[in-house]
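Peer 1: Dropping the sequence and predicted coords here.
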Amino acid sequence: MKKLMFALAIASISSATFAQQSNKSQNAIVSESVDVMEVPVDKYKVETNRFFDNWFFSVGGGAQVLFGDQSDLGKFGKRIAPALNVSIGKWFTPGLGLRLQYSGLQSKSFSSEPSAYSKPHMLSEGYYQDKFNYMNLHGDILFNISNMLAGYNPDRIYDAVPFVGFGFAHSYDKPHLNSLAFNFGLINTFHVADAWDLNLELYGMGAENKFDGKTLNKGLDVMLGASVGVTYKFPQRGFKPAPDVDAMMALTASQMDAINAALAQQIEQNRQLKAQLANTPNEVVTEQVTVNQLTPVPQSVFFQIGSATLPQNSTVNLQQIANLVKDNPGIKLKVTGYADSDTGSASWNKQLSEDRANTVANELVKLGVNKSNMIISGMGGVNTLTPPAFNRRVIIEAQ
């Protein structure tokens, strides 16, 4: 996971106590600290996939067997025919994709009487052999159940990809029959390189009864087969995992707790020092105490893609901000919303950024901050941070 420097508290604490007594001085300083943390990601969510990302091209070859009218008259081995498939497609998410496939090549069967695709001479066994060339053009929906169930992992070696689709089958031999077809199967994908996959595809096609040139029986003509092939994945390939906004807000809360603990410790040190000076007799004491001096450090609230709904756990940090503002009435807050320019139109992002800023401002009002002490604005879509999810935020600054 990428690392990011978080400045997650609205106030850094700089507190000093100076006492002069008989040319003696004492000083207490608490310095600010900022932690470097790993950004948590959600393995079930990814960044927006652009149109030209994650396209692929596949080719494979194998064997197939027709289960149609009277196909069982001959031996199974003599019904095995060569198969070919060529595909182009795109993954829209790690779990969902579409492809267009050209498949088929040859079909073999048998008939008790001459059919449209029978050879002219009867075999010695007393039946005719059928053979014809065909193609099946179909569109399929791909489901990567490995990514759906276990989350996106670009380093996974094997993925199971079931598919279903529809198309039509066309015979290249007379009488050139066309049949509607239903397609289904399982692609076993083995990732051998960043751009290349090795595939074992198990597939089936259910076509209209006329597909094999005979309509002696009711029901579909079914083609079952297997092929081995390769897939090339065009650049840009792969997905960027989306940051886990809820987990990020939880990290923010833990850092805010540390800041508050440091503040309480400094106040106690100042109290003890003040008590020591008050108990010193017959001395002129000049004391200067500064507690809870605020330095504006931005705080971010991150949002899910396309959403202006306040994330879970964000109110924990907003409550801390509200408390500090109530303790320091002179502070004004600048609340600025943003969207990521990689997603949506400029007008949509402008409105979304304003909605996010107003959402945070309204929550601060609920927590006791006067809205007149806030400057609220939306800056539209930006691309200042990477990954783009970090641009879907509201920044709160003390003025």
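Peer 2: Ah, there it is.
Peer 1: Only C-alpha atoms from now on, for both contacts and neighbour counts.
Peer 2: Will do.
Peer 1: which residues sit in contact with the most centrally placed residue in the chain?
Peer 2: Centroid-nearest residue in the chain, with CA atoms, centre = their mean: Val46, separated by 1.3 Å. Val46 makes contact with Thr93, Phe239, Lys240, Pro241, Ala242 under the criterion CA atoms under 8 Å, 6 or more residues apart in numbering.
Peer 1: From Pro94, how far out is it?
Peer 2: 8 Å (CA to CA, to the nearest Å).
Peer 1: do the same with Ile331
Peer 2: 46 Å.
Peer 1: The two: which has the busier surroundings?
Peer 2: Pro94 (23 against 17; other CA atoms under 10 Å).
Peer 1: quick one: pLDDT of that one?
Peer 2: With respect to pLDDT, Pro94 scores 93.
Peer 1: so how far is stretch 152-171 from its chain's centroid?
Peer 2: 19 Å (CA atoms, centre = their mean, to the nearest Å).
Peer 1: Now that stretch: buried residues?
Peer 2: With burial defined by 16 or more other CA atoms under 10 Å, the residues of stretch 152-171 counted as buried are 152-153, 159, 161-171.
Peer 1: Kindly format the C-alpha coordinates of that stretch as CSV.
Peer 2: Output of stretch 152-171 as CSV, limited to C-alpha atoms (Å, rounded to 0.1, in the frame of the first residue of the first chain):
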residue,chain,number,x,y,z
TYR,A,152,-9.3,-7.9,-6.3
ASN,A,153,-5.8,-9.3,-6.3
PRO,A,154,-3.6,-8.6,-9.4
ASP,A,155,-1.1,-11.1,-8.2
ARG,A,156,-3.5,-14.0,-8.0
ILE,A,157,-2.3,-16.9,-10.3
TYR,A,158,-5.7,-18.4,-11.1
ASP,A,159,-9.2,-16.9,-11.7
ALA,A,160,-12.5,-18.7,-12.4
VAL,A,161,-14.6,-16.9,-14.9
PRO,A,162,-18.1,-18.3,-15.7
PHE,A,163,-20.0,-16.7,-18.6
VAL,A,164,-23.4,-16.7,-20.3
GLY,A,165,-24.4,-15.1,-23.6
PHE,A,166,-26.6,-15.1,-26.7
GLY,A,167,-25.9,-15.0,-30.4
PHE,A,168,-26.6,-16.9,-33.6
ALA,A,169,-25.0,-19.9,-35.4
HIS,A,170,-24.6,-19.8,-39.2
SER,A,171,-23.7,-22.8,-41.5
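Peer 1: that older thread, what touches both of Val46 and Pro94?
Peer 2: Joint contacts of Val46 and Pro94 (CA under 8 Å, 6+ apart) are Phe239.
Peer 1: Tell me the helices and strands packed up against the host helix or strand of Gly337.
Peer 2: Element membership of Gly337, judged by DSSP states H and E, is strand 333-340. Contacts defined by 3 or more CA pairs under 8 Å, 6 or more residues apart in numbering; DSSP states H and E place strand 333-340 against helix 346-366, strand 374-382, strand 393-398.
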